[in-house]
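Asks: how does the following fold in three dimensions:
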Amino acid sequence: MGRSIEMKPDISNKGENLHGWKEIFFRLHENMRLRHYSPRTEKSYRIWINKFRRHLNNRDPLTLEGKDVKEYL
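Replies: Presented below is the predicted three-dimensional model:
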């Protein structure tokens, strides 16, 4: 079972926020390959995720809420 983007952070884990984003990109790649998406489509998704990440100032993805997505959109 995968982690939800709505999950609250584990307070004991004060690791680097980039680790969470790397996990998101890894899962994106796995899912795109599994579903036989074009590499160009994956690249497009990566670009949009990076724009969203910059908007959030590299905040830990496990702290994100629905309101963060609404603010970005």
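Asks: run through the chain and note the low-pLDDT ranges.
Replies: 1-17 (pLDDT under 70).
Asks: tell me where it has strands.
Replies: Along the chain, counting by DSSP state E, no stretch forms strands.
Asks: go ahead and flag the most central residue of it.
Replies: residue 24 (4.3 Å; C-alpha atoms, centre = their mean).
Asks: show me the contact partners of stretch 44-58.
Replies: Here stretch 44-58 makes contact (C-beta atoms under 8 Å, 6 or more residues apart in numbering) with 17-18, 21, 24-25, 28, 32, 61, 64, 68-69, 72. C-beta here means a position set from N, CA and C on the backbone, and glycine is covered the same way.
Asks: buried subset of those as a PyMOL selection?
Replies: In PyMOL, this line selects whichever of these come out buried by 16 or more other C-beta atoms under 10 Å:
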select buried, resi 17+21+24+32+61+64+68
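Asks: distance of the nearest residue to residue 25 once chain neighbours are set aside from residue 26?
Replies: Nearest in space to residue 25, with sequence neighbours left out and distances taken as C-beta to C-beta, 6 or more residues apart in numbering, is residue 46 at 6.6 Å. Residue 46 sits 11 Å away from residue 26, taking C-beta to C-beta, to the nearest Å as the criterion.
Asks: so which of those two has more stuff around it?
Replies: Taking other C-beta atoms under 10 Å, residue 46 and residue 26 do not tie; residue 46 has more neighbours (15 against 10).
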